[in-house]
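Engineer: generate coordinates for the sequence data below:
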Amino acid sequence: MKLIFGFRKNNPDFQSIFLITISFLGLFFLLILYLWAPQTRLYYSFQKTAILSIFIIICLVGILAATYPSTCKTLMKFQEDSEKTTKNSNIQFEGHHPDCGKFTSHTLYIKGNKYCPGCLGLSIGAFITIIGTVIYYFHGFPPSYGEISFWMGLCMVFLTLFLIVFFSLGKTFKFILNMALVMGSFLILVGVDIVTANWVIELYFLVLIMLWILTRMMISESSHKRICKDCLNGSTCVYK
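Structural biologist: Predicted coordinates for the structure are as follows:
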């Protein structure tokens, strides 16, 4: 089974290019802040509770969006456009994938049930991350783990974004990478909290996480559009 099929053939639009650029620049700027920003002298008693609570909320929203994609389908222009043109045809949506047979490389079958590997990876990664966040909040990690956690998370997130953005991925690898994106984000947050305890950097990182998720969604949407545009039935389905 191939895990990587090669470079993506997409021609990304301006919005996708902008999000991709900002995502990588944001990660680089985070590294600059981590290495050279002075350790803050202001540490509020509610800081850790607030930051970790916001992070857990982001994870819960991610699980909701991944488990019930129809609840956020209005945010996906691809599905809006598709439904307008498929309402008079036999094509239906299973989650956010049309059941036309062209998206078999984007779906996993587990015990007879159909799943999106990307969404499944995000939801499982978010669930594991929430457990880790609760453990970290109540028990903490040794200070020596801070540096290790940050650099491990940074490498995981950078590698994940790079592969998702520039490569066409197989089902298994897509599932693993989406889990790694969430878990790597958790490791970065723990590292920043232990080493710098800087609430400004932590808030900046939370915004950055949401930007990464948005970028990942745009890349997925672009890939879906390409499949439909290349389909021989495009004139009678989604794209004329």
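
Engineer: low-confidence ranges in the chain?
Structural biologist: Under the criterion pLDDT under 70, the flagged ranges of the chain are 1-13, 38-44, 67-106, 109, 111-113, 223-224, 227-228, 230, 232-240.

Engineer: all strands of it, in order?
Structural biologist: For the chain, strands defined by DSSP state E occupy the ranges 4-7, 93-94, 97-98, 108-110, 113-115, 167-169.

Engineer: I'd say Phe186 and Thr133 touch.
Structural biologist: Yes - counting by CB atoms under 8 Å, Phe186 does reach Thr133; the two are 6.5 Å apart. Quick note: C-beta positions are derived from backbone N, CA and C, even for glycine.

Engineer: between those two, which is the more surrounded one?
Structural biologist: The neighbour comparison of Phe186 against Thr133 (other CB atoms under 10 Å) goes to Phe186, with 24 against 19.

Engineer: enumerate every residue touching that one.
Structural biologist: Contact analysis of Phe186 by CB atoms under 8 Å, 6 or more residues apart in numbering lists 55, 129, 132-133, 153.

Engineer: how about Phe175?
Structural biologist: Shown in contact with Phe175 (CB under 8 Å, 6+ apart): 108, 117-118, 120-121.

Engineer: now do Ile130
Structural biologist: Here Ile130 is in contact with 56, 59-60 (CB under 8 Å, 6+ apart).

Engineer: among those residues, name the ones in helices.
Structural biologist: In helices, judged by DSSP state H, the following of those are found: 56, 59-60.

Engineer: and the gap between the residue nearest to Trp212 when sequence neighbours are not counted and Leu120?
Structural biologist: Using CB to CB, 6 or more residues apart in numbering and skipping the chain neighbours, the partner closest in space to Trp212 is Ser23 (5.6 Å). Using CB to CB, to the nearest Å, Ser23 is found at 22 Å from Leu120.

Engineer: equivalent analysis for Leu163, please.
Structural biologist: Distance of Leu163 to Leu120, given as CB to CB: 17 Å.

Engineer: was I right about Leu203 contacting Ile51?
Structural biologist: Yes - the pair Leu203 / Ile51 is scored as a contact, 7.4 Å apart, by CB under 8 Å.

Engineer: look at the two and report which has more neighbours.
Structural biologist: Between Leu203 and Ile51, counted using other CB under 10 Å, the more crowded position is Ile51 (20 against 14).

Engineer: wait, Leu33 touches Glu202, no?
Structural biologist: No - using CB under 8 Å as the test, Leu33 is too far from Glu202 to be in contact (10.2 Å).

Engineer: if you rank the contacts of Phe186 by neighbours, which is first?
Structural biologist: The most crowded member of the contacts of Phe186, judged by other CB under 10 Å, is Thr129 (24 neighbours).

Engineer: so that one sits against Ala180, correct?
Structural biologist: No - the pair Thr129 / Ala180 is not scored as a contact, 10.9 Å apart, by CB under 8 Å.

Engineer: still on that earlier bit, out of the contacts of Phe175, which is nearest to Val190?
Structural biologist: Gly121 (20.4 Å; CB to CB).

Engineer: so how far is Gly132 from the closest residue to that closest one other than its chain neighbours?
Structural biologist: In this structure, Gly121 finds its nearest non-sequential neighbour in Asn178, 3.1 Å apart by CB to CB, 6+ apart. From Asn178 over to Gly132 the distance is 17 Å, taken as CB to CB.
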